[in-house]
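# all I have is the shape, not the residue letters:
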């Protein structure tokens, strides 16, 4: 029960708010990059490429404004690994919405961004930036 309280408290922290703001910037980056790439590539490939570019940008923003860490290659790799669950969730949503339900790509990208944020924050905080809950 105490662990659950710590997890819930993590979402009432200024760093979670900063993470959401950073996520908004990252979502905008992913959406714009993916959208322009979708004129050349299929929606899912465009999303993956946009996601990867935005992930690198997000790492530097998280280091500078949320967790105050010095950037490193190992930190970037841990950050990238932290985003795997979010990536799987979002890519699946883009695939289903764009390819199976014929939702316009721009809406697929935006809707995909909403899912996985709380889980991703916890993983990034504990695994990538070695913070306790």
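Structure received. Since we're looking at a predicted model, the values are computed, not measured.
# how about the longest helix belonging to the chain: buried residues?
Scanning the chain for the longest helix, with DSSP state H as the assignment, gives helix 14-37. Across helix 14-37, burial judged by 16 or more other Cβ atoms under 10 Å covers 15-16, 19, 22-23, 26-27, 29-31, 33-35, 37. For glycine as for every other residue, the C-beta is placed from the backbone atoms N, C-alpha and C.
# quick one: contacts of it?
10, 43, 45-47, 49-51, 53-55, 57-58, 61-62, 65-67, 105-106, 109-110, 113, 117, 121, 124-125 (Cβ atoms under 8 Å, 6 or more residues apart in numbering).
# which residues of the protein fall in helices?
Under DSSP H, the chain gives helices at 2-10, 14-37, 43-61, 73-82, 84-95, 105-114, 117-123.
# what angle do the longest one and helix 105-114 make?
Here the directions of helix 14-37 and helix 105-114 differ by 160 degrees (axes from the mean of the first three to the mean of the last three Cα atoms, to 10 degrees).
# please apply the same query to the third one.
Angular relation of helix 43-61 and helix 105-114 on a 0 to 180 degree scale: 50 degrees, by the same axes, to 10 degrees.
# same check, this time on the first one
Orientation note: helix 2-10 sits at an angle of 130 degrees relative to helix 105-114 (the same axes, to 10 degrees).
# next: the fifth one.
In terms of direction (the same axes, to 10 degrees), helix 84-95 departs from helix 105-114 by 150 degrees.
# in helix 84-95, what's buried?
86, 87, 89, 90, 93, 94, 95.
# which helices and strands does that helix pack with?
helix 43-61, helix 105-114, helix 117-123 (3 or more Cβ pairs under 8 Å, 6 or more residues apart in numbering; DSSP states H and E).
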